[in-house]
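**Q** sequence and predicted structure, then a few things I'm wondering about:
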Amino acid sequence: MSYEKKSTQSARATGPLRSTLLTTSVVLLTASALSLTAALPASAADKPDNKPTKSAANKAEPPADMSKIGGPLLGKSGTQVNLGAGAPVLPKDLTAKSWIVTDAESGDVLASHNAHWKLPPASTLKMLFADTLLPKFPKTTTHKVVPSDLAGMGAGSSLVGVKENFTYTVHDLWLGVFLRSGNDAVHVLSAMNHGVPQTVKDMQAHAQELQAYDTNVVSPDGYDAPGQHSSAYDLTLFARSGLQKSDFREYAATATAKFPMKQKKGKTTERFAIQNTNRLLTGDVGLDAYKGIAGVKNGNTTNAGATFTGVAERNNRVLLVTVMNPDSKESHAVYKETARLLDWGFQADGKVTPVGTLVPPKSAASPGSDASGAASPQGDAGPAKPAAHAAVSTSGSSGMGIALAITGGVLVVLAAAAFAVRKKWPLRTKG
């Protein structure tokens, strides 16, 4: 997932960034895993995403002129795609206000629809939150929650079940953010980062560094707030940046985990099961888990409707798809439209002319490139290659599907450690 650009499609097919699949078996979640949701506190679940949510954006029209970051076609309203010989047509059943299909390795935008339309992001904004704050605190760091940590959360916020006077590890809190979209966990981590205002400032600065100029952060958890917006393009930038961090990859690919429920003298004595609200990762009634899925984040609020960014790998290709606010009566519309676009992308990758590109961060951009995604004749060497990455550690959580890693500059797809679902908790890792 390097930011190095590919000048031709043939270069992409033979270049050093072509992904490698390490074949390992994954224990899929059984139907009993889906029943875990029933055991969760009522406040732990996101707004239900199996039914369409009406929002103001459903009635709005995209601006005639939008940002041209990544290429001029991305600034146009409507669907942008350049089909080549043998390329499949786009799926018909697409109702989202905005979506984008990208090759995660090359950064090529294979197709888009209103990619730069500024819309409420809901909890997909937590990808930016995680990408900003994950490097700041070792996962073993502990924090005792005080009442002020949980102040200011919006009514009806999705919660993982953080309790005052409990002591949590940073690892616990990130599981709460990624799996249960817990605004309570977000607020505690923000408190550790000198408060919500500072966290919002840090997130906005990081968005600017990533050239995500459609994004304005007001609340770090993505809760509806006046003036808060992002775009399918920007959310994809956040996911791509986050996936270059090992902890981000681990949490995004985690299907089930355990969260502190009882403590004595600051030590956890009992935990309860939590399951990821990303239904393409875990599956649900009427929706199968997507083959090759590895995260990333879903969201759903009144103003935003349903939003989702997903990453998946098939046949040595890794795609990122973001879908915002489908206007459909079908259940799980945001996931089903994402799945259709992923299916299309895997069939079309290499058979379409890109309509744009995911720009690199400012600090990674070379003098030979510009924000439109066009490279000078000298080319764009991109950033230095990341260091080798060790195997993903799940620390007692259950990772389903795959996780992405950068090893010696090459994108590698690793099978995340998976655990059979048992009736009794905690889960035990396989030796």
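**A** Ah, there it is. Please read all numbers here as calculations on a predicted model, not as lab measurements.

**Q** report the central residue of the protein.
**A** The chain has residue 296 as the residue nearest its centroid, 3.0 Å off, counting by Cα atoms, centre = their mean.

**Q** adjacent strands (with direction) for the helix or strand hosting that residue?
**A** Taking DSSP states H and E as the definition, residue 296 sits inside strand 293-301. When pairing is defined by DSSP bridges, strand 293-301 lines up against strand 305-314 (antiparallel).

**Q** pLDDT on the partner strand, on average?
**A** For strand 305-314, mean pLDDT is 97.

**Q** ditto for stretch 162-174
**A** Confidence over stretch 162-174 (mean pLDDT, whole number) is 98.

**Q** who's in contact with it?
**A** Contacts to stretch 162-174, defined as Cβ atoms under 8 Å, 6 or more residues apart in numbering, come from residues 130, 134, 137-147, 149-150, 176, 182, 184-185, 188-189, 192, 247, 251, 259-260, 263, 266-267, 395. Any C-beta I mention is one placed from the backbone N, CA and C, and that applies to glycine too.

**Q** can you give me the offset of it from its chain's centre?
**A** When C-alpha coordinates are averaged (Cα atoms, centre = their mean, to the nearest Å), stretch 162-174 and its chain have centres 22 Å apart.

**Q** name the residues of it that come out as buried.
**A** Across stretch 162-174, burial judged by 16 or more other Cβ atoms under 10 Å covers 162, 166, 168, 169, 170, 171, 172, 173, 174.

**Q** which two among those residues are spaced furthest apart?
**A** Greatest spatial distance in the buried residues of stretch 162-174: 166 and 174, 15.6 Å, computed using Cβ to Cβ.

**Q** how about low-confidence regions in this protein?
**A** Confidence mapping of the chain against pLDDT under 70 gives the ranges 1-59, 365-431.

**Q** hang on, residue 322 packs against residue 97?
**A** No: Residue 322 lies out of contact with residue 97 (Cβ atoms under 8 Å); the separation is 11.5 Å.

**Q** please identify which of the two sits among more neighbours.
**A** Counted by other Cβ atoms under 10 Å, residue 322 and residue 97 do not tie: residue 322 has more neighbours, with 33 against 22.

**Q** so when I look at the more buried one, I'm seeing a strand, right?
**A** Yes: according to DSSP: H, G, I helix; E, B strand; the rest coil, the state of residue 322 is that of a strand.

**Q** need the contact list for residue 87.
**A** 347, 348, 351, 352.

**Q** the same query, at a cut-off of 7 Å, please.
**A** With contact set as Cβ atoms under 7 Å, 6 or more residues apart in numbering, residue 87 has these partners: 348, 351, 352.
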